[in-house]
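>>> can you look at this prediction? I've put the sequence above it.
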Amino acid sequence: MKPQMPPKHYADDTTTFGFAATTNLPYERNLDERDGDPESMTCYDFVSTNTSVGYSGELLATRSDAFGMKLFHQNRGNGSASQTAVGGDECCFLDTASTLAEIGAGFYLRGWVLGTGGNFSSVLSSDPLRLAITPTGSHKGELNPTDILEIDEAGEVLRGSSRPSFEYMLHLAIIRARGAGAVLHTHSIWATILSGRGAPQRGLTIEGYEMLKGLEGVSDHRHREWIPILPNSQDMVRLGATVETMLDENPDVHGFLLERHGLYTWGPTLSIARRHVEIIEFLLEVVGHTAG
Ligand SMILES: [Zn+2]
C-alpha cells in the first residue's frame, strides 16, 4: 500500500525528531481512522523534541496491512519514499498496549477475566512475526500499557521484563492457522460451565440467534455456529498442536473452548477479536440460561 502523507505533525528537513521510547515521555498523537477503514488508518506518535533516536526528513506512517502499522522515513532530498521502517513500530506498540489494557479492564468488569485468568495478544507485524501480549500471572483488570510485552514467533521477549502468558503457544498456533491479527482468551463462568457440560460431544452448536451476525462473515440469524471443545492441558506444546489440527479440520469456526477452562477467539484485527468475545460470551450466557 502506498504510504500516505501525514496531514500535519511532520518534520522538515532540518528538524530532528525522535520516537517516544517509553510511555512517560511527552509525545503528540494524531490517530486518524478514516471512515473506520483500518487500511487507510494513519498514525503519528512521536515526541516533538529531540531524543536519542533522531533523524531528519518527513515522517510517513501507514497501516500497510491488516496486522499493524509501519513507520516510514521519506527523504525529501530525492523525494522518494525509502520505506525504511524506523522507530520499531513504537507508535503501533503503544497504541496496541493501551488497547489491550483497556480490553482487560472492560472484560474484568464483565467477570470474564477474574483473578489472573485470560490472556490477550495482538500482532504488531506479520513478517517477521511480532506480538504484543499480556504477561503471565497478571491481573487483566489492572493492566498498564507498560505491562504489555512484545515477543517473537519463538516466544522470546523483545520488549518488557516479565514472561509472556503461559498460553502464548496457543496464540501462536491460532495466528499460524488462521492468519489472525489478534487472539483473546477469557475465563467466564458460562464458558467454564458449558465447556464441561459439552465435553462429551466435543463441542456445542449455537443457532437461530440474531447476535450470531456479530461474527465475521455471518449475515443471517439462522447461521449454525459450531464451537469445538478441546480437553484442557498444561502441556502447551501438545495443546498448541491439537489447536492447529482442530482449526485445520474446522475452517469456519470463530472460536473454541478448552474444557472447564475458557474461550479462545480471534479476528483479523483487535477490535474484531474483541467483538467476537462479546458475541460468543453473550451467546454462551443465553445458551447457559436457557438449556434444559
Ligand atoms: Zn486460560
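Okay, I see it.
>>> and the helices in the stretch 151-292 of the chain?
For the stretch 151-292 of the chain, the helices defined by DSSP state H, counting those that start in this stretch cover 168-178, 189-197, 236-249, 270-290.
>>> looking at the ones you listed, spot the one closest to Leu143.
Taking Cβ to Cβ, helix 270-290 is the member of the helices of the stretch 151-292 of the chain nearest to Leu143, at 14.2 Å. Every C-beta, even on glycine, is put in place using the N, C-alpha and C of the backbone.
>>> how about the closest one as PDB, C-alpha atoms only?
Written as PDB, here are the backbone C-alpha positions of helix 270-290 (Å, rounded to 0.1, in the frame of the first residue of the first chain):
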ATOM      1  CA  LEU A 270      -8.000  -6.400  17.600                       C
ATOM      2  CA  SER A 271     -11.400  -4.700  17.500                       C
ATOM      3  CA  ILE A 272     -13.000  -7.600  15.700                       C
ATOM      4  CA  ALA A 273     -11.500 -10.100  18.100                       C
ATOM      5  CA  ARG A 274     -13.000  -8.000  21.000                       C
ATOM      6  CA  ARG A 275     -16.300  -8.100  19.200                       C
ATOM      7  CA  HIS A 276     -16.100 -11.900  18.900                       C
ATOM      8  CA  VAL A 277     -15.500 -12.200  22.600                       C
ATOM      9  CA  GLU A 278     -18.600 -10.100  23.300                       C
ATOM     10  CA  ILE A 279     -20.700 -12.000  20.800                       C
ATOM     11  CA  ILE A 280     -19.700 -15.500  21.900                       C
ATOM     12  CA  GLU A 281     -19.800 -14.700  25.600                       C
ATOM     13  CA  PHE A 282     -23.300 -13.300  25.100                       C
ATOM     14  CA  LEU A 283     -24.400 -16.400  23.300                       C
ATOM     15  CA  LEU A 284     -22.900 -18.800  25.900                       C
ATOM     16  CA  GLU A 285     -24.800 -17.000  28.600                       C
ATOM     17  CA  VAL A 286     -28.000 -17.300  26.600                       C
ATOM     18  CA  VAL A 287     -27.400 -21.000  26.000                       C
ATOM     19  CA  GLY A 288     -26.500 -21.500  29.600                       C
ATOM     20  CA  HIS A 289     -29.500 -19.800  30.900                       C
ATOM     21  CA  THR A 290     -31.900 -21.500  28.600                       C
END
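>>> in that helix, which residues are buried?
The neighbour-count check on helix 270-290 (16 or more other Cβ atoms under 10 Å) flags 270, 272-281, 283-284, 287 as buried.
>>> thinking again about what came up before, how about JSON lines for the helices of the stretch 151-292 of the chain, with distance to Gly214 and mean pLDDT added?
JSON lines is the format used below for the helices of the stretch 151-292 of the chain (distance: least, Cβ to Cβ, whole Å; pLDDT from 0 to 100):
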{"stretch": "helix 168-178", "distance to Gly214": "18", "mean pLDDT": "97"}
{"stretch": "helix 189-197", "distance to Gly214": "17", "mean pLDDT": "98"}
{"stretch": "helix 236-249", "distance to Gly214": "20", "mean pLDDT": "97"}
{"stretch": "helix 270-290", "distance to Gly214": "4", "mean pLDDT": "97"}
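>>> so for Asp152, which of these sits nearest?
Across those, Asp152 has its closest neighbour in helix 168-178 (9.7 Å, Cβ to Cβ).
>>> verify the stated contact: Leu94 with Pro145.
Yes: using Cβ atoms under 8 Å, Leu94 is in contact with Pro145, at 6.5 Å.
>>> and Glu225, which of the helices of the stretch 151-292 of the chain is closest to it?
Closest approach to Glu225 among the helices of the stretch 151-292 of the chain (Cβ to Cβ): helix 270-290, 7.7 Å.
>>> and which of the buried residues of helix 270-290 is nearest to Arg176?
Taking Cβ to Cβ as the measure, Arg176 lies nearest Ala273 of the buried residues of helix 270-290, at 15.8 Å.
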